[in-house]
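**Student:** prediction below, plus the sequence it came from.
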Amino acid sequence: MTEMTEQKIQGAGRGGTDTGARGRTTIADGVVEKIAGMATRDVEGVHAMGSGLSRTFGAMRDRVPGGGTDKSVTRGVKAEVGEKQAALDLEIVVEYGVSIADVARDVRENVINAVERMTGLEVVEVNIAVTDVKLPDEEEEEPERRIQ
């Protein structure tokens, strides 16, 4: 996150609080990351999330029993959550032939709507890094199996 982002997020910490007279609700960064990851994957033109290296390690981890499929949902997503606001950084891979500007706009809109609707937090920033383009003739990045 940028220094400006850090200044924008009010009350940065373990956040998303509702300080009602009857208790307090906090929302963990990981919750916002999962919501944002699901909302990003719902956008047409998004092929995958994360950088090439993180996708390769994630594919290997997904093959291990109990390797944690929760990590694949948040791969390529980093959230910073304050008491009332959240900022997100996303890494995506787009399909070849789509308008990157349109996909980024649609991702940003979908993520903001989902996070704000589900958490009540104000999303102040969604930074999107397009890390790759999936070409039609490219095979999926599958790590070579060591055992048969």
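**Tutor:** The structure has been received and is ready for your questions.
**Student:** how about residue 127: what's its closest non-neighbour residue?
**Tutor:** With sequence-adjacent residues excluded and distances taken as C-beta to C-beta, 6 or more residues apart in numbering, residue 127 is closest to residue 89, at 4.7 Å. Where C-beta positions appear, they are placed from N, C-alpha and C, glycine not excepted.
**Student:** so is the one you found in a helix, a strand, or just coil?
**Tutor:** Secondary structure assignment for residue 89 (DSSP: H, G, I helix; E, B strand; the rest coil): strand.
**Student:** what's near enough to touch it?
**Tutor:** By C-beta atoms under 8 Å, 6 or more residues apart in numbering, the contact list for residue 89 reads 1, 77, 78, 79, 127, 129.
**Student:** got those as TSV, with distance to residue 23, pLDDT and secondary structure columns?
**Tutor:** TSV is the format used below for the contacts of residue 89 (distance: C-beta to C-beta, whole Å; pLDDT from 0 to 100; DSSP: H, G, I helix; E, B strand; the rest coil):
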residue	distance to residue 23	pLDDT	secondary structure
1	29	61	coil
77	28	98	strand
78	29	97	strand
79	23	98	strand
127	33	98	strand
129	38	98	strand
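**Student:** rebuild those as TSV, extending it with neighbour count and distance to residue 118.
**Tutor:** Output for those, formatted as TSV (neighbours: other C-beta atoms under 10 Å; distance: C-beta to C-beta, whole Å):
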residue	neighbour count	distance to residue 118
1	16	21
77	25	15
78	16	18
79	26	13
127	15	20
129	11	24
